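[1] Show me the folded form of this:
(chains A and B)
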There are 2 protein chains.
Amino acid sequence: MPSYTAPVRDMMFVLHDVLGADRHGIPGNEELDRDTTAAILTEAAKLAETVLAPLNRTGDAQGCRFENATVRTPEGFPAAFDALRDGGWTALDCDPAYGGQGLPHLISTAASEIFSAANMAFYMYQGLTHGAYNAIHAHGSAAQKALYLPKMVAGRWSGTMNLTEPQCGTDLGLIRTRAEPQPDGSYRITGQKIWISAGEHDLTENIVHLVLARLPDAPEGVRGISLFVVPKYLPGPDGEPGARNTVSCAGLEQKMGIHGNATCVMQYDGAVGEMLGAPHAGLRAMFTMMNEARLSVGLQGYAQGARAYQMAREFARDRLQGRALTGARNPEGPADPILVHADVRRMLMEQKAMVEGGRALVFWGAALIDRARRAEDREAEALISLLTPVIKAFLTDKGVETTVLAQQVPGGAGYVRDTGLEQIVRDARITMIYEGTNGIQALDLVGRKLGADGGKAVMAFLALVTGFIAEHQGQDSDFDAGFLTPLAAALEDLGAALRYMQTAGSTAPLDALSGAGDLLHLFGHVCLGLMWARMARAAAVSAEDAAFCAAKIATGRFYMARLLPATRLHLARIETGAAPVMALDEEAF
Amino acid sequence: MPSYTAPVRDMMFVLHDVLGADRHGIPGNEELDRDTTAAILTEAAKLAETVLAPLNRTGDAQGCRFENATVRTPEGFPAAFDALRDGGWTALDCDPAYGGQGLPHLISTAASEIFSAANMAFYMYQGLTHGAYNAIHAHGSAAQKALYLPKMVAGRWSGTMNLTEPQCGTDLGLIRTRAEPQPDGSYRITGQKIWISAGEHDLTENIVHLVLARLPDAPEGVRGISLFVVPKYLPGPDGEPGARNTVSCAGLEQKMGIHGNATCVMQYDGAVGEMLGAPHAGLRAMFTMMNEARLSVGLQGYAQGARAYQMAREFARDRLQGRALTGARNPEGPADPILVHADVRRMLMEQKAMVEGGRALVFWGAALIDRARRAEDREAEALISLLTPVIKAFLTDKGVETTVLAQQVPGGAGYVRDTGLEQIVRDARITMIYEGTNGIQALDLVGRKLGADGGKAVMAFLALVTGFIAEHQGQDSDFDAGFLTPLAAALEDLGAALRYMQTAGSTAPLDALSGAGDLLHLFGHVCLGLMWARMARAAAVSAEDAAFCAAKIATGRFYMARLLPATRLHLARIETGAAPVMALDEEAF
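    Below is the predicted model of the structure:
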């Protein structure tokens, strides 16, 4: 049985030494000291390691079962969900007005990594609920909030998001699901939604579907879409689940991975719903949910990488094959552990550098969300809006790469089911696709985020990196050479790419779009370069745990030397423009 | 049901326009004209498209069943194997002395791509037989050849290779399986072998196991390993299967993919065998088999990419989402096919460029094998020996990347089982691992192949690329700019990397080994750069099918502009040496 150990020490370092979670806290959370954080994460680790992680294989092997329009989750999932609920983990960063604990999103993000790494398919049930909670919290009426939020915060009711239909995924303007207004102010929803994660299951008393649909008078395209709350059971006068609504699961998808999460075809047959927010403003409301969901998907990407890295590392320590080039390391044994071999090291270092860099970036993103939401910091909001597509797509592309690389370390043992690595690869693969494919993220970055508010956010990001370099330059020649010089070079590449995009954007948009994926990766590398420079700095000034800090700096050096230089390649690709990409006739493919 | 269309037109182009298969043929094969090739490939395509491809999903869904030490392959596999045998496809490039058709390996390679793309798990049964055929042909006694080869050529008996044991995969020096000599000159083999592809199945009358084992007086390590032929049924005096040998399948592995191929635990309990070749020389004999097997695995890598590309392309043509930036392409419909979008194009172009480049490289490798074997061309032999690890590892790393990228085109539809793409990703993944992991290939390249015979082969390769550039430079400014200039730049990177390796190899081997994977990829890119330049040249001088030739040149330009520049990044990584890779203490992972 593949085990999992939550990287609490690493998380504490990022939360406190790098991000100073206890120093410049969020209003209302000034008391978030190291002891509190450690206690929370240690408890999360216990649940993840003893309950969720052992269920990961079960979930994959059994999958969800569809019987008479109901769904049974894998054995052990309902009990595990009870444990999640009873531990208060569904309420962590929720609004105290509705029973939440009001902790920073930063802390709940750390807990999410732990739960998600232990069992991604399982924790998705909660992740989607949290997204729906956010949407209702932001757009619901007082009555809607009072009805739904306490139950969702308590983990008694779960949530879903219903966007996709057979004829439309990315292009939501093509949505056909209809909402007919009723005399009592409610709506009747009719249509089919597909690929609805957690659309039906046996974990909660009720399921709250957020559904995109069109009013009869809706204008065509995305400007005619409204958002509706459609509960599985209609709440009675006491607010408790009453009559069964006419929404049902019509089947489950057979997928590559995340078998433990029910991916449902949902049928709405005049189901009763209420509008959430204003008419025709559904897409914006749904995006309240999508943006945090996208950050969560970025988290899933590196979290699966983290789980895979742990497995690969343990294998590399235990497996004896060959001898170290520099002399036997295990002379008593038949061979040395494969961790001694340069190429195995190289693979593990790539994984470690990506995972720890990804963690720092996502935690930073979560801290920005806290500043934006709780301190009404507009700059933080603009910055996280810019970074959202980068975090989602870069960390999931790299997350999947990391799992594939981890699978390579044990060779054949990584390809058979027992070691658990091949499941991680299959599970992680969805993260590049859902909540907007990574191609769509690149389009969002280039087409919307770069130019938003006159490019203010991107200028702020560049100033932030430049500022970091200027602040630290010339104090420590090792740090200059190992971190600041490569970071400055990468930043220069990003600057050149952005200038190309700016020119192309106004004169030849296809040139810009042909390099969108490369720009996103270039941007992602600069983000991770900044994170590694910040981590190395924090490790250098830390007084304790010298071995931990030395390892952190060494891993950072690896990132800066071996991975960050990819920025130059991305720039070169971007500068070739649209010609090589668009040259073929459609028939010639 | 995902369909498959064999790329016969593309293959004809590589075989005849690029490699001139009909002009400078192999002794005995002078009559291999276009019509003959086309007839063979068209027949192979028919079998693959109508019989093998439709069974690919079945094989994945059903897998192999283990019952009472026997293995049942998926429904339809036995009949399909009969069709393969009856069509003469098991005999294509085999020695006419044993019933083979004596066609060039080049032609059988093209047919192999077709069969392997259609159903990799199925065609592996034949691929392994061909490997065993090669080993017996090269190392068997006259009696052994007479006994085994005709049946293997006829497809009546199949073959396997037995290397791995629980405690050793890469490090074959740790093999424990023992061979006890018997008074009659035979041997009794005892031990357990794992991960034996096609170790047991119901497709052939007999299975010929080639097994690595130790004689009682064997020296330790790899110098004490001998090779044995151990048939499932002992041939009687008439050469037909007689008594059951004491070798049996003890179980099947549950794997990520290639479910249709039986991956067996094989138990040898004093099984009767004969030695193949000389005592203690088993590893070299097995490598006769491994080298061609490695080229076949490189082929599987790009072939799965080719199949995935076809699926992605069809999806991109059919799926309507969004509008082209340059004006609606399908104004009558609700949206345009997603093929119009720049990022979808970018993904398809990457797949197309990799697949077609991979095909050219593997076909060139097969032509080199023909020259080496049938014209005893020592230079060709040295060159293919150098290229073998590059073809195996580069084309499988890129092959898997290609399948993942293809899966990205349909988004969610690529993640569910129906479209077939997720199976291709799972099947392709094994190619990075088996027949020596890609890390081992990199070690083989840097540790053995570069320095072999004083570096003669690598000098010959560099001269070949330089010669091509010199021969064509200055004749066509478009070709110079689009192909020769980037190829020369990549070659310069390769030269610099090789100089680094040479210096490091003698003074600090860890520096060389830390960059082995990057050198292999750099080398692979130069190979594909050369292939694309040759293809573009052939397309430019071709008088027929202008659209086909224009597309070939455009795809080549994409490769040279967008993918080949990766050589610079690989060089930069190599030049950082061992320090970043080896810095961490073992405990710090």
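
[2] if you go through the stretch 201-350 of chain A in chain order, where are the strands?
    With DSSP state E, counting those that start in this stretch, the ranges of strands along the stretch 201-350 of chain A come out as A:206-213, A:226-231, A:233-235, A:241-244, A:247-252, A:263-276.

[3] what angle separates the last one from strand A:206-213?
    For strand A:263-276 and strand A:206-213, the angle between their directions (axes from the mean of the first three to the mean of the last three C-alpha atoms, to 10 degrees) works out to 80 degrees.

[4] now the helices for the stretch 101-250 of chain A?
    A:105-118, A:120-139, A:142-153 (DSSP state H, counting those that start in this stretch).

[5] out of those, deepest packed?
    helix A:105-118 (a mean of 26; mean count of other C-beta atoms under 10 Å in any protein chain shown). Where you see a C-beta, it was placed from the backbone N, CA and C, and this is true even at glycine.

[6] could you give me the average pLDDT of it?
    Helix A:105-118 shows a mean pLDDT of 97.

[7] Over to stretch A:321-329?
    91.

[8] cool, stretch A:404-422 as well?
    96.

[9] ditto for stretch A:193-207
    So the average pLDDT for stretch A:193-207 ends up being 98.

[10] tell me which residues in the host helix or strand of A:F468 are buried?
    Secondary structure assignment for A:F468, by DSSP states H and E: helix A:456-472. By neighbour count with 16 or more other C-beta atoms under 10 Å in any protein chain shown, helix A:456-472 contains the buried residues A:A457, A:V458, A:F461, A:L462, A:V465, A:F468, A:I469, A:H472.

[11] Minimum distance to chain B: which of the strands of the stretch 201-350 of chain A has it?
    With C-beta to the nearest C-beta as the criterion, chain B lies closest to strand A:263-276 of the strands of the stretch 201-350 of chain A, at 7.8 Å.

[12] Which strands or helices does the closest one pack on?
    helix A:120-139, strand A:178-181, strand A:187-197, strand A:206-213, strand A:226-231, strand A:247-252 (3 or more C-beta pairs under 8 Å, 6 or more residues apart in numbering or on different chains; DSSP states H and E).

[13] quick one: strands adjacent to it?
    Under the criterion DSSP bridges, strand A:263-276 sits next to strand A:187-197 (antiparallel), strand A:226-231 (antiparallel), strand A:247-252 (antiparallel) in its sheet.

[14] any chance of the ones you listed in CSV, plus distance to A:A504 and mean neighbour count?
    Formatted as CSV, the strands paired with strand A:263-276 follow (distance: least, C-beta to C-beta, whole Å; neighbours: other C-beta atoms under 10 Å in any protein chain shown):
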stretch, distance to A:A504, mean neighbour count
strand A:187-197, 34, 22
strand A:226-231, 35, 26
strand A:247-252, 44, 19
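
[15] need those in JSON lines with distance to B:L212, can you?
    Shown next, in JSON lines, are the strands paired with strand A:263-276 (distance: least, C-beta to C-beta, whole Å):
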{"stretch": "strand A:187-197", "distance to B:L212": "48"}
{"stretch": "strand A:226-231", "distance to B:L212": "63"}
{"stretch": "strand A:247-252", "distance to B:L212": "46"}
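
[16] mind checking which of those strands is nearest B:V425?
    strand A:187-197 (18.3 Å; C-beta to C-beta).

[17] For chain A, identify the residue most remote from the centre.
    A:E332 (45.2 Å; C-alpha atoms, centre = their mean).

[18] And that one, how far from A:E240?
    67 Å (C-beta to C-beta, to the nearest Å).

[19] pretty sure A:P219 contacts A:H280?
    Yes: applying C-beta atoms under 8 Å, one finds A:P219 in contact with A:H280, separated by 6.9 Å.

[20] neighbour count winner among the two?
    A:H280 (18 against 11; other C-beta atoms under 10 Å in any protein chain shown).

[21] okay, now the closest residue to A:V344 other than its chain neighbours: neighbour count?
    Of all residues not flanking A:V344 in the chain, A:I338 sits nearest, at 4.9 Å (C-beta to C-beta, 6 or more residues apart in numbering or on different chains). Counted by other C-beta under 10 Å, the residues lying close to A:I338 total 25.

[22] Now do the same contact list for A:I338.
    By C-beta atoms under 8 Å, 6 or more residues apart in numbering or on different chains, the contact set of A:I338 is A:F315, A:A316, A:R319, A:L320, A:Q321, A:G322, A:V344, A:V409.

[23] quick one, longest helix in chain A?
    helix A:282-318 (DSSP state H).

[24] now check that one, is it near chain B?
    Yes: under the criterion of C-beta under 8 Å from any C-beta of the partner chain, chain B is reached by helix A:282-318 at A:R313, A:A316, A:R317.
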